[in-house]
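> give me coordinates for this.
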Amino acid sequence: MIHVDSPVWPAHGRLWAHLVSDVSLAELHVFAEMLGAPRRGFDRDHYDIPAERVPVALWLGARHTTSRDIARLLRAANLRIPKHLTRASPPPPR
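Residues are numbered from 1 along each chain as shown. Just a heads-up that it's a prediction; the model follows:
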């Protein structure tokens, strides 16, 4: 199932929400494409979507949840990817 939290995260002069799947990243990418979210909005285990897209996500079937539950759902589904575990860019060649 797809979940979305409230748009309370400020960035770039807008408020943003998190869009996640508790099933798979593949499900998340398919839903994000239906929503019209660009791939650049994907960040490790979620999409950042602007406030104006949240009603559309809900209309498409996403379930509204809290930010705390977003993290819990990702951990329970084994889909949580903490920032410190992401691979950094390789150093430039010498």
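> CA only for contacts and neighbour counts going forward, please
Noted.
> return the strand ranked longest in the chain as PDB; C-alpha atoms alone will do.
Identified as the longest strand of the chain according to DSSP state E is strand 14-21. The C-alpha trace of strand 14-21 is given here as PDB (Å, rounded to 0.1, in the frame of the first residue of the first chain):
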ATOM      1  CA  ARG A  14       7.100  25.100  -0.600                       C
ATOM      2  CA  LEU A  15       5.900  22.500   1.800                       C
ATOM      3  CA  TRP A  16       6.600  18.900   1.000                       C
ATOM      4  CA  ALA A  17       5.200  15.500   2.000                       C
ATOM      5  CA  HIS A  18       6.700  12.000   1.900                       C
ATOM      6  CA  LEU A  19       5.300   9.300  -0.300                       C
ATOM      7  CA  VAL A  20       6.200   5.700   0.600                       C
ATOM      8  CA  SER A  21       5.300   2.100  -0.100                       C
END
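> buried residues, it. List them.
Leu15, Trp16, Ala17, His18, Leu19, Val20, Ser21 (16 or more other Cα atoms under 10 Å).
> out of these, which one sits closest to Arg68?
Comparing the buried residues of strand 14-21 against Arg68 with Cα to Cα places His18 closest, at 11.1 Å.
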